[in-house]
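>>> Sequence unavailable; structure follows:
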């Protein structure tokens, strides 16, 4: 009987991606199948995040519940992964000695070996090392479910913003080789995936040497302007070039990426949004604050003027583009005037969505040494004002989409109504509509009929031509071929 695996994921899309990889690794090694019921699991993993307030305490709260399961079934394996694991290491075992495994984002591929060592030795296993890109060479193929998938193209972050723990828990930026990324995407396309999201902590900082000259990629890359030429070293491909090649892979119809950083948002990437029709009309570009003084204290490495220039050039290159952002409100020393500058920036740029967070200190970061002098109630009031303002802009964009047509990929049933379908527009809005079941995993054209608070309503105009016949979706056909082979 196959083992059952429960994973609780907290955090960003990178954590969601890592959880899927944990599942893939343990399925390949032990045939472990995911379950949504922790009480039914043989292996319980907590994939953690250090970004939110009191992240460590939330982990130990979850572990307290898991301890009850361990008391009832001592053979259950409990593991803590992710950024809190990297940050706390063996300290987790001191507070929760019933934990069996502690592993970091860079060592999730070693889970089978850690589990085997735990079973044979009876001792808890800790591995929070940083073996750079090793894990990608040891991960099994992604199990495809549907026509969308994510591909991690880099690990870590080298920006060292004063408030952020990520460089310390995930390590510095390490880019995967160009041909490895393209091979992953091409394999997914062959298995029925037609929309891919490229992931990285600072995804547009991706740079990779073109090592295998003589291949189609190497030969083309040698004459592409999106390259850095360094004396005595191989040419390096930039992120815009990677996007171009991914868009050219047969079967890939739409490409997304997240999360980008303003310091790496150069002309080549802006131009890519003008000339690559498969590139989604959406960019998530965190600004964090509209005050240059606060941005300097955050060590973000750009000014509001530079940020606004990026946004304006993006909108000139692709007038339909949707731009969302992140804000941290109440950073130490943020005055009323600083916050009003943030409100002014949001009003000027009219962001189409945002994630607004109140500042909380992260142990081990430079900002943790600063006096957290903005009152809690003030932070919350500022967040509410800012989020309400951005939500108003987003609502006006949604209203403006009513009556237009959008080409969307049907991803599955709607969350609220199993008799309807959900899809995502190019500018990153969820749209719900009724239609025949064979539309799942197909591209269809829909007409937007209504804008709601957080979603759109639509009716099917007609299926997009050139894809799988009604009786069989592309992903279904790919699975059939896989089992047949």
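Alright, I've got the coordinates. As the structure is a prediction and not an experimental result, all values here were calculated from the model.

>>> Could you pull out the helices in the stretch 301-450 of the chain for me?
The residue ranges that make up the helices of the stretch 301-450 of the chain, judged by DSSP state H, counting those that start in this stretch, are 304-317, 336-349, 376-401.

>>> chain center to the one helix or strand residue 117 maps to: distance?
Using DSSP states H and E, residue 117 maps to helix 111-121. The gap between where helix 111-121 is centred and where its chain is centred comes out at 29 Å by C-alpha atoms, centre = their mean, to the nearest Å.

>>> right, and the helix or strand after that helix?
Stepping forward along the backbone from helix 111-121, the first helix or strand reached (DSSP H and E) is strand 125-127.

>>> which secondary structure elements does the helix or strand just after that following strand contact?
Tracing the chain C-terminally past strand 125-127 and defining elements by DSSP H and E, one meets strand 148-152 next. Under the contact criterion of 3 or more C-beta pairs under 8 Å, 6 or more residues apart in numbering; DSSP states H and E, strand 148-152 touches helix 13-30, helix 178-190, strand 195-199. In short, each C-beta sits where N, CA and C put it, glycine included.

>>> same thing but 10 Å
Using 3 or more C-beta pairs under 10 Å, 6 or more residues apart in numbering; DSSP states H and E, the elements in contact with strand 148-152 are helix 13-30, helix 178-190, strand 195-199, strand 254-258, strand 405-413.

>>> and it, which strands flank it?
Taking DSSP bridges as the criterion, strand 148-152 sits next to strand 195-199 (parallel) in its sheet.

>>> re the thing from before, in TSV: the helices and strands packed on strand 148-152, plus mean pLDDT and distance to residue 432.
Rendered in TSV, the data for these read as follows (pLDDT from 0 to 100; distance: least, C-beta to C-beta, whole Å):
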stretch	mean pLDDT	distance to residue 432
helix 13-30	89	22
helix 178-190	94	26
strand 195-199	97	18
strand 254-258	97	19
strand 405-413	95	10
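
>>> need the ones you listed in a markdown table with distance to residue 242, can you?
Rendered in a markdown table, the data for the helices and strands packed on strand 148-152 read as follows (distance: least, C-beta to C-beta, whole Å):
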| stretch | distance to residue 242 |
| --- | --- |
| helix 13-30 | 17 |
| helix 178-190 | 6 |
| strand 195-199 | 7 |
| strand 254-258 | 9 |
| strand 405-413 | 21 |
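
>>> Kindly state the beta-bridge partners for the residue nearest to residue 114 when sequence neighbours are not counted.
Closest residue to residue 114 apart from its sequence neighbours, by C-beta to C-beta, 6 or more residues apart in numbering: residue 125 at 4.3 Å. Taking DSSP bridges, one obtains residue 101 as the residues bridged to residue 125.

>>> Residue 125 touches residue 100, doesn't it?
Yes. Under the criterion of C-beta atoms under 10 Å, residue 125 makes contact with residue 100 at 7.0 Å.

>>> Common neighbours of these two, please.
79, 93, 114, 115, 118, 119 (C-beta atoms under 10 Å, 6 or more residues apart in numbering).

>>> Give the PyMOL command for selecting the buried subset of those residues.
This is the PyMOL syntax for the buried subset of the shared contacts of residue 125 and residue 100, where burial follows 16 or more other C-beta atoms under 10 Å:
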select buried, resi 79+93+114+115+118
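
>>> Nearest to residue 19 among the shared contacts of residue 125 and residue 100?
When those are ranked by distance to residue 19 (C-beta to C-beta), residue 79 comes first, at 11.8 Å.

>>> From residue 295, how far out is that closest one?
Residue 79 is 38 Å from residue 295, where distance means C-beta to C-beta, to the nearest Å.

>>> rewinding a little: show me which pair in the shared contacts of residue 125 and residue 100 is furthest apart.
Every pair in the shared contacts of residue 125 and residue 100 was compared (C-beta to C-beta); the two farthest apart turn out to be 93 and 119, at 17.0 Å.
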